[in-house]
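>>> give the three-dimensional model of this entry:
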Amino acid sequence: QNGTMIGTNGNIQISTMNLSATTTESILAITSLVVDNAGTYHCVGQIIALINSEETMSNVITVNVTGPPAPIVSISPVDQIVNYTTQNVTITCMFTTFAQFQAGLMIDWYQNGAMVNSGNIQISTMNLNATTTESILTIASLVVDNAGMYHCVAQIIDVLNSTKAVSDTITVDVTGPPAPIVSISPVDQIV
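Predicted coordinates for the structure are as follows:
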């Protein structure tokens with residue numbers, strides 16, 4: 001990898017098999033790909049003879065590794081930009097990995113860049129299947145302090161490392177209930 005000899009280690013497995021008297025096959029397999037596996041790879045074949053030895057290098061391949069996809073967030077009710085106090089709001093964060101995660105996955109919620117505190121906010125998280133986790137943030141009876149920008153962060157925790165993915169931001173606007181309308185009847189009398 002990147003010009004350095006590697007062997008079977010961690011999530012890299014190398015197997016070599018003689019297919020015939022003149023042909024040998026070597027397979028490098030990377031399981032549970034992580035960012036550290038990014039780089040260039042090639043193999044070197046060696047013919048060892050009594051008089052001289054010969055080496056042949058394969059073509060170089062490049063492995064690019066990006067982080068996991070961003071979690072998807074949605075808000076309910078979806079048809080309202082301005083929410084009034086006493087109304088309930090639900091924000092859902094769904095995170096799907098490409099492969100089954102081995103050690104664990106955590107989803108944390110943030111409001112205006114700070115981790116969400118409890119109060120009138122409840123969070124429930126559950127694994128929907130081997131690759132998808134859903135976290136639901138419910139704000140019961142909105143108060144003005146609930147206004148702000150919310151996002152979730154999914155963190156895959158593995159023995160070798162951890163990887164984070166950040167969702168888009170959803171804004172919750174909170175205003176008080178509409179002001180009551182006061183009228184005097186009859187209009188022309190002042191009491």
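>>> so where is the chain shaky, pLDDT-wise?
2, 32-35, 49-50, 66-70, 76-86, 98-103, 158-161, 176-191 (pLDDT under 70).
>>> where do the helices sit along it?
With DSSP state H, there are no helices along the chain.
>>> spatially central residue for it, please.
With distances taken as C-alpha atoms, centre = their mean, residue 165 lies nearest the centre of the chain, 3.2 Å away.
>>> looking at strand pairing, list the partners for that residue.
Per DSSP bridges, the residues bridged to residue 165 are residue 154.
>>> same question for residue 170.
Going by DSSP bridges, residue 170 is paired in beta bridges with residue 150.
>>> distance of it relative to residue 147?
12 Å (C-beta to C-beta, to the nearest Å). Placement of C-beta: from N, CA and C, glycine included.
>>> go on, residue 117?
Residue 117 is 14 Å from residue 147, by C-beta to C-beta.
>>> and for residue 30, the neighbour number?
15 (other C-beta atoms under 10 Å).
>>> oh, that last question was meant for residue 135, not what I typed.
Residue crowding around residue 135 was assessed by other C-beta under 10 Å; the count is 22.
>>> that one pairs with what?
The partner residues for residue 135, given DSSP bridges, come to residue 93, residue 125.
>>> I'd say it and residue 93 touch.
Yes: the pair residue 135 and residue 93 passes the contact test of C-beta atoms under 8 Å, sitting 4.6 Å apart.
>>> what's the overlap in contacts for those two?
Counting by C-beta atoms under 8 Å, 6 or more residues apart in numbering, the residues touching both residue 135 and residue 93 are 107, 109, 152.
>>> for those residues, give me a markdown table that also has distance to residue 64 and neighbour count.
Shown next, in a markdown table, are these (distance: C-beta to C-beta, whole Å; neighbours: other C-beta atoms under 10 Å):
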| residue | distance to residue 64 | neighbour count |
| --- | --- | --- |
| 107 | 26 | 21 |
| 109 | 31 | 21 |
| 152 | 26 | 28 |
